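>>> Turn this into a model:
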Amino acid sequence: MTAAMDPHALPLSVRMRYSPWAIGFLSAFVIFVDMIVYAGVIPVLPAIVLNDLHMTNQDTGILVAAYAIGLILFTPVFGYFSDRRQDRKLPIIISLVSLVATSVMFMFCTKFWHYLVARLLQGVAAAGNWTIGLALAADAFPTDQLGAVMGSVLGGMSLGYLIGPAIGGPLYDHLGGTALYLFFVIVSIIGIVARMVIDEQYAVGYKRATMQAAAAARGDTAISESTKVNVWTLLKARPVWVNALAVVVTGMLQTGVEPILPPHLTEKFNTSVTANGLVFLAISIPSLAMSPLAGYLCDRYSGKRIILLGSALTALVTPLMALMPTLLLEVVALVLFGAVFPLCATPALPEMGAWVDANYPAAAGQVYSIFCVAFALSMVIGPIAGSVVYDLAGLLPSLFIFSGALVLLMVLYTWYILAERSQQALTTAPLPRPDREQDISVTVSTTGAVGAPSSSSSLPAISDDPIVAEKASHAVLPAVPTFAEYYWRQQQKQQQAQGDAVAVNL
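Below you'll find the predicted structure:
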């Protein structure tokens with residue numbers, strides 16, 4: 001290896017623009033930008049609806065849900081065309097430009113329907129940011145790293161959720177709505193610049209090269225790059241629809257609390273808009289720390305078991321937010337919620353990503369569009385249901401409903417684990433090979449590919465979890481180049497091609 005090809009010799013500017021972790025940062029940052037705009041109005045919308053427009057908490061829930069409707073309508077569009085064109089740059093740029101436009105619209109809103117239209121268009125912009133941002137991360141990282149990567153990407157969401165209310169409330173209180181919306185414009189423009197500068201071509205090519213090496217080592221056929229799979233085929237797969245339901249349930253809790261916690265705090269503890277925004281830090285800071293950890297645990301253990309543990313803990317902690325007698329204890333309850341909630345909210349994303357990576361690698365945009373639609377549905381159901389129950393009976397019954405939904409999710413995942421074990425037991429049965437002179441026992445993998453003969457195989461034991469089994473197969477990877485080596489080789493090929501083109505012209 002030459003010095004120029006040494007991993008440590010790769011220039012910082014190249015790593016910041018082309019490396020897989022630069023792509024992971026870009027994915028997290030795009031979602032962070034979208035979430036900071038979304039969350040920045042959480043403490044503001046109730047004040048606008050109740051004080052300026054003289055309407056009810058149900059109307060606040062409708063404004064929160066309007067964002068989700070735009071997300072639902074346009075998420076499949078972004079996912080479909082992004083996969084067909086294999087273009088992750090233009091859709092994100094369009095979405096971020098749209099986010100700038102909607103932030104400007106907020107400056108001129110004076111009536112309820114004005115805010116309704118602005119929130120709807122904000123959801124349309126979010127469709128591209130979320131769907132393509134997640135697909136971009138999946139394009140650049142292998143299955144056995146998706147948990148940590150997606151946990152970090154969701155950490156970007158938590159960071160936006162943390163900073164948004166903390167900045168939105170004080171800006172609105174002290175400088176007015178225009179200052180807040182200008183802040184949204186600035187962070188969106190920074191996102192546009194980042195998307196234009198960072199390029200994923202080398203990271204995606206490097207992942208494809210390592211996947212092909214892994215497939216060759218296992219004796220598999222070449223990995224599929226086909227994008228000709230429709231969303232219904234994806235939805236029929238158990239790992240997709242079960243995890244999509246998990247996204248709906250956990251998203252209902254997350255978004256359902258948003259319109260009802262601020263008025264509860266104001267009514268019970270006489271807090272201001274600024275204080276309500278700052279109180280959300282008690283949820284966001286622990287979530288920011290726990291999301292990457294939850295993703296790491298999904299890589300290390302089964303994501304299904306992590307989501308069972310997280311659902312149980314979150315179901316127990318959620319009602320505490322309505323039972324605390326003092327503001328200090330309320331903050332403690334919110335910290336506990338923020339610490340355990342990522343354990344049930346994070347695993348669904350890498351679980352879906354691992355499945356599509358193993359079966360339809362070029363359809364990441366469509367499977368993540370399913371994730372986004374599921375989350376958007378939760379944003380419709382959660383705020384409206386939470387607001388209606390809150391107006392009728394208060395905060396505690398609303399939270400009990402969300403905890404009950406988590407208990408049902410635990411039942412679903414228990415069935416899911418048992419069904420996957422049963423299927424794995426059937427697909428690993430020995431197959432006779434009468435056409436061979438030697439009696440060689442072979443096994444069928446979870447993807448249907450025939451494995452190597454058992455008499456000469458050095459593969460590790462296969463787990464009863466198909467995703468864990470797929471990850472275990474990476475243990476037989478041959479030596480592969482580092483990203484730096486891959487980058488320099490691609491540069492040499494490009495230079496040689498350019499030299500050949502010049503020679504032909506001469």
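>>> Distance of G133 relative to L26?
From G133 across to L26, the span is 8 Å (C-beta to C-beta, to the nearest Å). Every residue, glycine included, has its C-beta placed from N, CA and C.
>>> Looking at these two, which is more packed in?
It is G133, of G133 and L26, that has more neighbours when counted by other C-beta atoms under 10 Å, with 30 against 27.
>>> thought M321 was touching L336?
No. Between M321 and L336 no contact is recorded; they are 9.0 Å apart, counting by C-beta atoms under 8 Å.
>>> Which of the two has more residues huddled nearby?
Neighbours were tallied for M321 and for L336 using other C-beta under 10 Å; the higher tally belongs to M321 (23 against 20).
>>> which residues touch the residue nearest to that one when sequence neighbours are not counted?
Distances taken as C-beta to C-beta, 6 or more residues apart in numbering put A333 closest to M321, at 5.0 Å, once the chain neighbours are dropped. Contact partners of A333, counting by C-beta atoms under 8 Å, 6 or more residues apart in numbering, are V317, L320, M321, L323, M324.
>>> Tell me the secondary structure at the third one.
The three-state assignment at M321 reads helix, by DSSP: H, G, I helix; E, B strand; the rest coil.
>>> Any regions of the stretch 51-200 of the chain where pLDDT drops low?
For the stretch 51-200 of the chain, applying pLDDT under 70 flags no range at all.
>>> what helix or strand is D199 on?
Assigned by DSSP states H and E, D199 belongs to neither a helix nor a strand.
>>> now the one 10 residues further on
Following DSSP H and E, the helix or strand that holds A209 is helix 201-218.
>>> Can you give the distance of that helix from its chain's centre?
The chain centre lies 23 Å from the centre of helix 201-218; the measure is C-alpha atoms, centre = their mean, to the nearest Å.
>>> just to revisit the earlier point, can I get the contacts of A333 in a markdown table including pLDDT?
Shown next, in a markdown table, are the contacts of A333 (pLDDT from 0 to 100):
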| residue | pLDDT |
| --- | --- |
| V317 | 96 |
| L320 | 95 |
| M321 | 94 |
| L323 | 93 |
| M324 | 94 |
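>>> So among those, which ones count as buried?
V317, L320, M321, M324 (16 or more other C-beta atoms under 10 Å).
>>> now those residues as TSV including distance to G256?
Shown next, in TSV, are these (distance: C-beta to C-beta, whole Å):
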residue	distance to G256
V317	15
L320	16
M321	12
M324	18
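>>> Between these, which sits nearest A125?
Nearest to A125, judged by C-beta to C-beta, of the buried ones among the contacts of A333 is M321 at 30.4 Å.
>>> Could you pull up the residues touching L293?
Counted by C-beta under 8 Å, 6+ apart, L293 has contacts G151, P342.
>>> what helix or strand is it on?
Secondary structure (DSSP H and E) places L293 in helix 281-300.
>>> in whichever helix or strand comes after that helix, what's buried?
For helix 281-300, the following helix or strand on the C-terminal side (DSSP H and E) is helix 303-317. By 16+ other C-beta under 10 Å, the buried positions in helix 303-317 come out as 303-304, 306-315, 317.
>>> Run the angle between helix 303-317 and helix 281-300 for me.
160 degrees (axes from the mean of the first three to the mean of the last three C-alpha atoms, to 10 degrees).
>>> who does helix 303-317 touch, helix- and strand-wise?
helix 238-257, helix 281-300, helix 327-345, helix 348-359, helix 395-427 (3 or more C-beta pairs under 8 Å, 6 or more residues apart in numbering; DSSP states H and E).
>>> go with 10 Å
Using 3 or more C-beta pairs under 10 Å, 6 or more residues apart in numbering; DSSP states H and E, the elements in contact with helix 303-317 are helix 146-174, helix 238-257, helix 281-300, helix 327-345, helix 348-359, helix 395-427, helix 466-472.
>>> Show me whatever sits in contact with both of M321 and L336.
Both M321 and L336 are contacted by A282, I283, under the criterion C-beta atoms under 10 Å, 6 or more residues apart in numbering.
>>> The nearest residue to L297 once chain neighbours are set aside: what's it in contact with?
Spatial nearest neighbour of L297, chain neighbours left out: I306 (5.2 Å); criterion: C-beta to C-beta, 6+ apart. Residues in contact with I306 (C-beta under 10 Å, 6+ apart) are 147, 294-295, 297-298, 300, 342-344, 346-347, 350-351.
>>> any idea how far I306 is from I92?
As judged by C-beta to C-beta, I306 and I92 stand 29 Å apart.
>>> L399 too?
Distance, L399 to I92, using C-beta to C-beta: 36 Å.
>>> Same check on A385?
In terms of C-beta to C-beta, A385 sits 32 Å off from I92.
>>> go on, F280?
For F280, the distance to I92 - C-beta to C-beta - is 26 Å.
>>> for V367, same thing?
18 Å.
>>> about what we covered before: may I see the buried residues of the very next helix or strand once past the helix holding A209?
Under the assignment DSSP H and E, the closest C-terminal helix or strand after helix 201-218 is helix 231-236. Buried residues in helix 231-236, counted by 16+ other C-beta under 10 Å: V231, L234.
>>> ok now helix 231-236, how far from the chain's centre?
The answer for helix 231-236 is 19 Å, by C-alpha atoms, centre = their mean.
>>> Right, I'll call it a day here.
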